[in-house]
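Participant: Below are the sequence and a predicted model for it; my questions follow.
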Amino acid sequence: MFTGVSGSGKSSLVFSTVAAESQRLINETYSAFVQGFMPTLARPDVDSLEGLTTAIILDQERMGANARSTVGTVTDANAMLRVAFGRVGRPHIGGPQAFSFNVPSVRGGGAITIERGAGKTESRSFSVAGGMCPRCEGMGSATAIDLTQLYDERKSLSEGAITVPGYTADGWSTRMFSESGFFDPDKPIRDYNKTELHDFLHKEPVRVRINGINLTYEGLVPRIQKSFLSKDVDALRPHIRAFVERAVTFSSCPDCGGTRLNEAARSSKIRGVSIADACAMQISDLAQWVRDLDEPSVAPLLAALGDSLDSFVEMGLGYLSLDRPSGTLSGGEAQRTRMIRHLGSSLTDVTYVFDEPTIGLHAHDVERMNALLRRLRDKGNTVLVVEHDPEVIRIADHVVDMGPGAGPHGGSVVFEGTVDRLAASGTATGRHLDNPLVLKPGPRVPRGSIPIRNARLHNLRDVSVDVPLGVLVAVTGVAGSGKSSLIHGCLPRTDPSVTVIDQSAIRGSRRSNPATYTGILDPIRTAFAKANGVKPALFSANSEGACPACNGLGMIYTDLGFMATIASVCEVCEGRRFTDEVLGYRLRGRNIVEVLAMPVEEARDFFLERPVRVMLDRLADVGLGYLSLGQTLDTLSGGERQRLKLAIEMSSTTEVCVLDEPTTGLHMQDVDNLIGLLDRLVDAGRTVIVIEHNLDVIARADWVIDLGPGGGHDGGRVIFEGPPAELVRSDGSLTGQYLRRRLEPIAAG
């Protein structure tokens, strides 16, 4: 067990040394294959590592937003279901691929020559039965394009009639249309006849010659579909994403109803259930359905499938369905989904590395997670867990506590030993491990409320609730109980002024960092420019001062096509991103690279400029004092991203803020600081609503809304509303039970 305050160096120790060295040893197997074109992986910055075994890293990284990837496809559960339906589904329509939404049906025929003896020509035909819906091509959604958003009918092509991003009047994209010969480029589009309008919008691909070059011409609509709609919308550049959201309406495919499967695949059933029905079931229900099947011909397969589905339930993911897109899973859900592959593994003597596996879990589910971690250990494996949750720390056989503080104040092992010795060690973790839970003695009185009436989004069951204003509200319940549906989905519709600050990825480039995102890099560049009598642009890594070799990225990215992109430190600037000339300019004895390497706490003492100081104070207030100003945003955890957004929102006039598990990634000491910050926001006149599992936050809230009693279709109801002191006495609430359990030692004393 590795623990310590946020930013103390836990992850650096585990991921950058133990796991990295183990992975490097595996990679050496392939060194002969990649030698010469793949950059050499650097060794971890340690003196020695001994006794390592193969490591499997299960981190909080979200799964890729591939539109064809679902919970079923990433865990092999879908593959086992397809085999079962291919064997015993009635009517029989084919093998497993006949139930795959990624395989299209193919038919063909013609003459073939068989090279046998003198050879002879025969007529043959073939067919491949796939499960893909032909209309949506297995995507499950249909798109409708608003043609009025594609062009201005009052203008001609020469006047810039096409309003799609990238289609300028004199650009190649527009010249393809204006010089194709199918219509007059000076004629307003509203004057096109039926044939011309069809050729402009929907014409099939055809070869044309423009300026002596042979090109393929096709209508504007299919060009838009291929260039924009074939990609994940969230992965598009901001201005293109805004155009797509404005011009395109997404809806379920009318032919397959969003199941992605063709009619034949949906017609074959087992005991009246199609594979589409099975994938749409809540996994806990699907597990029961599989156990009830009596099919001797596929009994071993069904047993393996049942075990896999039971693992979902054990991990608190029984509320998911196999057809849930994998890109919609949270970081914690993605990590636990990846765990399912390893629970059934026969491997032993493997080192499993978990990065805060309890993120997003209710106290009830943390108990089950602890049992799973013990099971992996008892199979003969080593389990390394980076964790803050005291309930997980208590089950550890050995604890390594990092600290004593964060950032430059951390990086040391302050304790190593058993949990009992940790509690008496006097470290920050030891002091907070057995801290008593204290209920708020005098909850604030609400000054009004936001009414939500008859909410039925997702699994909500006609929920009506009043969300109080002017207080700290905690929305609780087990995973999948409907918390996010109620607060994220319904509350902003009721009151559009509500600001939701979530853990979603911050959109930006590889150059983005806390300094650029918060806007303090501009005054920093200005300060450097004034101190040295030069232009501010010199101190921008994407402008005049950038290293020409890496264009200010500090890294060289090598795209190997058939393998993952490889990143290596730029040999010219050695990762510093700026030219030597820029590094010669200084502000109070520091150059721009040294300033961007400063953690927030150090930078607060360094900067005198007021705009910079104000934002740095806010970053420290939200527990990000250990972050360096130039740390890339893609290295931040979900909790760090949310707190970064919160620091910016603190300067706004937003009256109602919604936070989604703001304690994610926080040490117990930092949780106390965060609760104090939330209290100050409420005292300043704001309403703060937190979706949270942390019992300390719940106990110190003014009002609690508890959903449940379970997840998925077993939840979706408000089972408690009131102050935390009354929640403790609620027998029907799992949250109340665990809150009461934490208070029992105090009562006994």
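Facilitator: Now that the structure is in, tell me what you want to look at.
Participant: Quick check: chain neighbours aside, which residue is closest to residue 464?
Facilitator: Using Cβ to Cβ, 6 or more residues apart in numbering and skipping residues adjacent in sequence, the residue nearest residue 464 is residue 453, 4.9 Å away. From N, CA and C alone the C-beta is placed, and that goes for glycine too.
Participant: Wait, a strand at that neighbour?
Facilitator: Yes: assessed by DSSP: H, G, I helix; E, B strand; the rest coil, residue 453 belongs to a strand.
Participant: Let me know how buried it is, in neighbour terms.
Facilitator: 11 (other Cβ atoms under 10 Å).
Participant: hang on, it packs against residue 466?
Facilitator: No: applying Cβ atoms under 8 Å as the test, residue 453 and residue 466 come out as separate, 9.4 Å apart.
Participant: In a strand, residue 250, correct?
Facilitator: Yes: Residue 250: assigned to a strand according to three-state DSSP.
Participant: what about residue 373, which SS state?
Facilitator: helix.
Participant: pLDDT score assigned to the closest residue to residue 395 other than its chain neighbours?
Facilitator: In space, and not counting its chain neighbours, residue 395 is closest to residue 370: 5.1 Å by Cβ to Cβ, 6+ apart. Per-residue confidence (pLDDT) for residue 370: 91.
Participant: Equivalent analysis for residue 636, please.
Facilitator: 84.
Participant: cool, and the one 4 residues further on?
Facilitator: Residue 640 is assigned a pLDDT of 85 by the prediction.
Participant: Can you point out the helix or strand that includes it?
Facilitator: Residue 640 belongs to helix 638-649 when assigned by DSSP states H and E.
Participant: and the next element down the chain from that helix?
Facilitator: strand 656-660.
Participant: Now do that following strand, average pLDDT.
Facilitator: For strand 656-660, mean pLDDT is 92.
Participant: After it, which helix or strand is next?
Facilitator: Taking DSSP H and E, what comes next after strand 656-660 is helix 668-683.
Participant: so what does that following helix touch, helix or strand wise?
Facilitator: helix 428-433, strand 472-476, strand 687-691, helix 695-699 (3 or more Cβ pairs under 8 Å, 6 or more residues apart in numbering; DSSP states H and E).
Participant: Would you give the sheet partners of the second one, along with the direction of each?
Facilitator: This means strand 472-476. Applying DSSP bridges, strand 472-476 is found paired with strand 687-691 (parallel), strand 703-708 (parallel).
Participant: what's the most buried one of the helices and strands packed on helix 668-683?
Facilitator: Most buried of the helices and strands packed on helix 668-683 by mean neighbour count (mean count of other Cβ atoms under 10 Å) is strand 472-476; its value is a mean of 26.
Participant: now the angle from that strand to strand 656-660?
Facilitator: Per axes from the mean of the first three to the mean of the last three Cα atoms, to 10 degrees, the angle that strand 472-476 makes with strand 656-660 is 40 degrees.
Participant: Just want the angle from strand 472-476 to helix 668-683.
Facilitator: Using the same axes, to 10 degrees: strand 472-476 against helix 668-683 is 130 degrees.
Participant: Using PDB, write out the CA atom coordinates for strand 472-476.
Facilitator: The C-alpha trace of strand 472-476 is given here as PDB (Å, rounded to 0.1, in the frame of the first residue of the first chain):
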ATOM      1  CA  LEU A 472     -23.800  22.900   1.100                       C
ATOM      2  CA  VAL A 473     -25.800  20.000  -0.400                       C
ATOM      3  CA  ALA A 474     -24.400  16.500  -0.700                       C
ATOM      4  CA  VAL A 475     -26.000  14.100  -3.200                       C
ATOM      5  CA  THR A 476     -25.200  10.600  -2.300                       C
END
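Participant: Residue 572: how many residues sit nearby?
Facilitator: So residue 572, with other Cβ under 10 Å, has 14 neighbours.
Participant: you'd agree it is up against residue 552?
Facilitator: No: if you go by Cβ under 8 Å, residue 572 and residue 552 don't touch, sitting 11.4 Å apart.
Participant: State the phi and psi torsions of the closest residue to residue 584 other than its chain neighbours.
Facilitator: Setting aside the residues directly before and after it, residue 584 is nearest to residue 591 in space (Cβ to Cβ, 6+ apart), at 7.4 Å. Residue 591 adopts backbone torsions of phi -90, psi 180, taken as degrees, to the nearest 10.
Participant: Could you measure from residue 591 over to residue 521?
Facilitator: 15 Å (Cβ to Cβ, to the nearest Å).
Participant: out of those two, which sits in the busier spot?
Facilitator: residue 521 (23 against 18).
Participant: What sits closest to the more buried one if chain neighbours are left out?
Facilitator: In space, residue 521 is closest to residue 515, 4.1 Å off (Cβ to Cβ, 6+ apart).
Participant: After whichever strand or helix holds the one you found, which helix or strand is next? Please name it.
Facilitator: Using DSSP H and E, residue 515 sits within helix 514-518. Sequence-wise, the next helix or strand downstream of helix 514-518 (DSSP H and E) is helix 521-532.
Participant: which parts of that following helix are buried?
Facilitator: 521, 523-525, 527-529 (16 or more other Cβ atoms under 10 Å).
Participant: Which single one of those is nearest to residue 204?
Facilitator: residue 521 (49.5 Å; Cβ to Cβ).
Participant: need the strands for the stretch 351-500 of the chain, in chain order.
Facilitator: With DSSP state E, counting those that start in this stretch, the ranges of strands along the stretch 351-500 of the chain come out as 351-355, 382-386, 399-403, 412-417, 449-455, 463-468, 472-476, 499-501.
Participant: residue contacts, the residue nearest to residue 208 when sequence neighbours are not counted?
Facilitator: If the residues on either side of it in the chain are set aside, residue 208 comes closest to residue 217, at 4.5 Å by Cβ to Cβ, 6+ apart. Counting by Cβ atoms under 8 Å, 6 or more residues apart in numbering, residue 217 makes contact with 176-177, 180, 182, 203, 205-208.
Participant: what do you get for residue 506?
Facilitator: 512, 517, 633, 636, 641, 644-645.
Participant: Apply 7 Å and report the result again.
Facilitator: Going by Cβ atoms under 7 Å, 6 or more residues apart in numbering, residue 506 touches 517, 633, 641.
Participant: How about residue 133?
Facilitator: So residue 133 contacts 101, 253, 255-256, 260-262 (Cβ under 7 Å, 6+ apart).
Participant: coming back round to it: adding mean pLDDT, write the helices and strands packed on helix 668-683 out as TSV.
Facilitator: Formatted as TSV, the helices and strands packed on helix 668-683 follow (pLDDT from 0 to 100):
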stretch	mean pLDDT
helix 428-433	90
strand 472-476	97
strand 687-691	96
helix 695-699	95
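Participant: so which of those comes closest to residue 153?
Facilitator: Of the helices and strands packed on helix 668-683, nearest to residue 153 by Cβ to Cβ is strand 687-691, at 46.4 Å.
Participant: Just give me the neighbour total for residue 514.
Facilitator: Neighbours of residue 514 (other Cβ under 10 Å): 26.
Participant: shift numbering so it begins at 531
Facilitator: In the new numbering, first residue 531, that becomes residue 1044.
Participant: ok, for residue 1148, nearest residue in space, not its chain neighbours?
Facilitator: Per Cβ to Cβ, 6+ apart, closest to residue 1148 is residue 1177, 4.2 Å.
Participant: State the distance from that neighbour to residue 781.
Facilitator: 38 Å.
Participant: Likewise for residue 1199?
Facilitator: Counting by Cβ to Cβ, the gap from residue 1199 to residue 781 is 49 Å.
Participant: thinking again about what came up before, can you name every helix or strand that the helix holding residue 1170 contacts?
Facilitator: Applying 3 or more Cβ pairs under 7 Å, 6 or more residues apart in numbering; DSSP states H and E, one finds that helix 1168-1179 contacts strand 1029-1031, helix 1044-1048, strand 1186-1190.
Participant: repeat that for 6 Å
Facilitator: strand 1029-1031 (3 or more Cβ pairs under 6 Å, 6 or more residues apart in numbering; DSSP states H and E).
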